[in-house]
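J.: How does the following fold in three dimensions:
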Amino acid sequence: MYATEIRPTPTTSPTANGTTERWIDSNKATAAAGLGFTTTVVIQNALRGRAPQVQASVDEITKFYNDNRVAEGALVALFVVGAFCLARFIGGLWTRLDRESDTVRRSARTGVIGGAAILALFTAMVACEIALVVGSDNTELASTVAPMWLLHNSIFSVLSLFVGVALFGLSRASAAAGLISSRIKGIAVAGAALLAGSTAFAPITVDHFGPLSLVSLVGFLGWLTFLVAVSLRIRRD
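T.: Below you'll find the model as predicted:
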């Protein structure tokens with residue numbers, strides 16, 4: 001009689017291993033995209049630190065964009081990176097949350113819609129900045145500087161609302177899925193309310209900087225806090 005070779009039965013198939021590895025890689029990519037987007041936002045705001053006030057004169061606006069053409073070029077390059085990172089982060093987080101309950105998925109969908117609006121409105125705002133750079137260096141286009149500046153600031157005011165929508169939906173879904181703590185959720189929801197409130201005051205703040213203009217800044221810090229917290233948590237999964 002011939003001896004029969006007995007081989008151990010594998011506990012995990014190659015396909016399962018591949019799926020697990022892809023899932024781990026996906027988590028890391030989502031986390032990296034979230035942190036990458038946050039980094040680009042911080043750098044962009046640092047570069048915009050000396051930007052004209054909303055009520056600046058045409059001469060001040062023109063001088064700023066003429067003197068900061070290199071910085072504006074860097075902002076556009078950062079926008080390209082940041083937009084890709086935000087899209088990748090929201091897509092990855094949505095994939096993670098889509099495995100949860102119906103309640104979590106509904107909140108996540110709200111956040112995803114807000115994220116899509118962020119990408120659209122921020123794209124429009126950057127397009128205005130490109131137009132301002134070109135218009136400030138061309139005497140034939142000088143008359144476009146003032147309306148383009150007003151449009152730029154108006155888009156920014158509306159953008160705050162959809163940052164709030166994204167923050168509200170994604171933070172609630174992430175908290176329900178155990179990705180962020182209740183404290184971070186509280187900060188995020190408060191930030192979302194401030195961001196939405198700042199848009200309600202847009203007719204007042206869009207052409208005059210004052211205390212109400214700081215409302216969106218405080219809310220925006222809640223957005224950055226959420227991004228960092230959930231990205232670090234996903235990275236550990």
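J.: so the spatially most central residue of the chain, which of the three states?
T.: Centrality entry for the chain: nearest residue to the mean C-alpha point is Leu86, 5.4 Å, by CA atoms, centre = their mean. Classification of Leu86 into helix, strand or coil gives helix, according to DSSP: H, G, I helix; E, B strand; the rest coil.
J.: neighbours around the residue lying closest to Phe84 once chain neighbours are set aside, how many?
T.: Sequence neighbours aside, Ala33 is the residue nearest to Phe84 in space, at 7.8 Å (criterion: CB to CB, 6 or more residues apart in numbering). Placement of C-beta: from N, CA and C, glycine included. Look at Ala33: counted by other CB atoms under 10 Å, it has 24 neighbours.
J.: Next one: Ala33 relative to Arg48, how far apart?
T.: 22 Å (CB to CB, to the nearest Å).
J.: Hmm, the residue nearest to the centre of the chain is touching Ala116, no?
T.: No - at 10.0 Å, Leu86 and Ala116 do not qualify as touching, with contact defined as CB atoms under 8 Å.
J.: which one is Trp149 nearest to, not counting chain neighbours?
T.: Closest to Trp149 by CB to CB, 6+ apart is Ile61, at 5.3 Å.
J.: same question, Arg172
T.: Ser107 is the one closest to Arg172 (CB to CB, 6+ apart), at 4.2 Å.
J.: ok, residues contacting stretch 46-59?
T.: When contacts are defined by CB atoms under 8 Å, 6 or more residues apart in numbering, stretch 46-59 is touched by residues 60-61, 64, 68, 71, 74-75, 78, 142, 145-146, 149, 153, 205-209, 213.
J.: how near is the residue nearest to Phe84 to Ser213?
T.: 30 Å.
J.: tell me which strands and helices the host helix or strand of Phe168 is in contact with?
T.: In this assignment (DSSP states H and E), Phe168 forms part of helix 145-176. Secondary-structure packing of helix 145-176 (3 or more CB pairs under 8 Å, 6 or more residues apart in numbering; DSSP states H and E): helix 58-67, helix 69-97, helix 102-135, helix 182-200, helix 202-205, helix 213-236.
J.: what inclination does the fourth one have with respect to helix 145-176?
T.: With axes from the mean of the first three to the mean of the last three CA atoms, to 10 degrees as the criterion, the two stretches helix 182-200 and helix 145-176 enclose an angle of 150 degrees.
J.: Run through the neighbouring helices and strands of helix 182-200.
T.: helix 145-176, helix 213-236.
J.: And the longest one, what's buried?
T.: Residues of helix 145-176 classed as buried by neighbour count (16 or more other CB atoms under 10 Å): 145, 148-149, 151-157, 159-176.
J.: now do the last one
T.: Neighbour counts over helix 213-236 (16+ other CB under 10 Å) mark 213, 215-216, 219-220, 222-227, 229-231, 233-234 as buried.
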